[in-house]
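J.: Kindly generate the corresponding structure for this input.
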Amino acid sequence: MNVLSLFGLFVMFAFIGFAFWDQNTNNGIPYGQYIQAQGIAIVAGGAFGAAFLKSSTNDFKAAFALLPRAFKNPIPSSSLIDQLVEFADIARKNGLIALESQQIKHSFLAKAVQLLVDGQKPAVIAKTLEAESEAQAQREKHGATFWSYLGEVSPAMGMVGTLVGLVALLADMSSQEKLTSGMSTALLTTLYGAMFANMFFLPIAAKMRVQSEVEELNREIIIEGVAFIQTGGNPRVLADLLSSFITPDEAKRLAINTK
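T.: Presented below is the predicted three-dimensional model:
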């Protein structure tokens with residue numbers, strides 16, 4: 001679990017909650033004053049409707065499949081390098097078939113090792129893994145774009161709600177009740193659009209893009225590592241080769257460098 005993401009949510013809601021509490025305590029504004037079903041419907045319904053119109057079914061599925069990952073830490077690249085170095089040592093001593101019994105959590109690495117165990121040719125393994133990596137990167141890009149578009153369109157839907165509220169307000173200015181209701185819709189929809197976009201949709205999209213880049217780097221490391229293992233090379237040389245993908249501080253903490 002990504003603690004910083006959860007902490008960010010806590011800080012965000014804590015400070016906004018404090019602002020609402022302060023308004024309630026010092027100015028007597030009830031909390032319910034900030035909740036209006038019509039405004040939420042205009043912003044949320046309009047934003048998601050526009051996103052659905054723009055996206056394909058696969059984009060929608062990718063967007064929600066990736067959502068939990070925004071609150072999880074990806075497998076560190078250094079851990080994958082340690083595992084690949086260990087596999088290189090096992091394969092060098094006992095042959096590639098010995099890798100079949102290894103427990104592997106990373107799905108891409110598991111597929112790569114299975115191709116090794118099956119005895120596929122180096123060119124076939126490289127082409128298969130590169131094609132899958134590229135396809136996965138595209139899915140993740142489209143999934144992040146769905147949330148990014150929600151962030152872009154939410155403020156616009158807030159403006160739509162503002163105009164709806166102003167029309168209602170101007171339609172009958174003699175009625176105090178309609179005047180208050182129209183002004184409430186006009187202001188709250190702008191608030192909802194800004195909050196939905198900047199508190200949830202845009203941060204989620206940005207986090208997904210960063211996570212996708214990390215995973216893409218991890219897949220690159222795996223492709224390079226598997227190609228090296230297939231040659232039966234020295235595990236120490238493999239560690240040095242893959243260290244170029246990570247920072248010097250991370251490289252110093254690799255298992256092979258701490259022995």
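
J.: can you pull the contacts of residue 212?
T.: Contacts for residue 212 (Cβ atoms under 8 Å, 6 or more residues apart in numbering) come out as 137, 140-141, 144. The way it works is simple: take the backbone N, C-alpha and C, and place the C-beta from them, glycine included.

J.: Adding pLDDT, write those out as a markdown table.
T.: Supplementary listing: these in a markdown table, determined by pLDDT from 0 to 100:
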| residue | pLDDT |
| --- | --- |
| 137 | 94 |
| 140 | 93 |
| 141 | 94 |
| 144 | 94 |
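
J.: The residues you listed in helices, which ones?
T.: 137, 140-141, 144 (DSSP state H).

J.: By mean pLDDT, flag the weakest helix or strand of the chain.
T.: The helix or strand of the chain with the poorest confidence is helix 176-196; it has a mean of 82 (mean pLDDT, DSSP states H and E).

J.: orientation of the helix or strand following that helix relative to helix 176-196 in degrees?
T.: Counting by DSSP states H and E, the next helix or strand C-terminal to helix 176-196 is helix 202-231. Angle of helix 202-231 versus helix 176-196, following axes from the mean of the first three to the mean of the last three Cα atoms, to 10 degrees, is 20 degrees.

J.: got the contact list for the helix or strand just after helix 202-231?
T.: With elements assigned by DSSP H and E, the helix or strand that comes after helix 202-231 is helix 235-242. For helix 235-242, contacts defined as Cβ under 8 Å, 6+ apart pick out 81, 84-86, 88-89, 92, 221, 224-225, 228-229, 254, 256-257.

J.: Kindly give a single PyMOL line that selects the buried subset of the contacts of residue 212.
T.: Of the contacts of residue 212, the buried ones can be selected in PyMOL as follows, counting by 16 or more other Cβ atoms under 10 Å:
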select buried, resi 140+144
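
J.: Adding distance to residue 236 as columns, could you present the contacts of residue 212 in TSV?
T.: Output for the contacts of residue 212, formatted as TSV (distance: Cβ to Cβ, whole Å):
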residue	distance to residue 236
137	31
140	33
141	36
144	38
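
J.: related to what we said a few turns ago, got the CA positions of the least confident helix or strand of the chain in CSV?
T.: In CSV, the C-alpha atoms belonging to helix 176-196 read as follows (Å, rounded to 0.1, in the frame of the first residue of the first chain):
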residue,chain,number,x,y,z
GLN,A,176,-36.5,34.5,-2.9
GLU,A,177,-36.6,30.7,-2.8
LYS,A,178,-35.8,30.3,-6.6
LEU,A,179,-33.2,33.0,-6.4
THR,A,180,-31.4,31.2,-3.6
SER,A,181,-31.7,27.8,-5.3
GLY,A,182,-30.4,29.2,-8.6
MET,A,183,-27.4,30.9,-7.0
SER,A,184,-26.7,27.8,-4.9
THR,A,185,-26.6,25.6,-8.1
ALA,A,186,-24.5,28.2,-9.9
LEU,A,187,-21.8,28.3,-7.2
LEU,A,188,-21.8,24.8,-6.0
THR,A,189,-21.4,23.2,-9.4
THR,A,190,-18.2,25.3,-10.0
LEU,A,191,-17.0,24.1,-6.6
TYR,A,192,-17.8,20.5,-7.4
GLY,A,193,-16.0,20.7,-10.8
ALA,A,194,-12.9,22.1,-9.3
MET,A,195,-12.9,19.6,-6.4
PHE,A,196,-13.5,16.5,-8.6
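
J.: Phi and psi next, for residue 28.
T.: For residue 28, the backbone dihedrals (degrees, to the nearest 10) come out as phi 70, psi 20.

J.: Please spell out which residues along the least confident helix or strand of the chain are buried.
T.: Of the residues in helix 176-196, 179, 181-182, 184-193, 195-196 count as buried by neighbour count, 16+ other Cβ under 10 Å.

J.: same question, stretch 45-57
T.: Buried residues in stretch 45-57, counted by 16+ other Cβ under 10 Å: 46-48, 50-51, 55.

J.: All set now, cheers.
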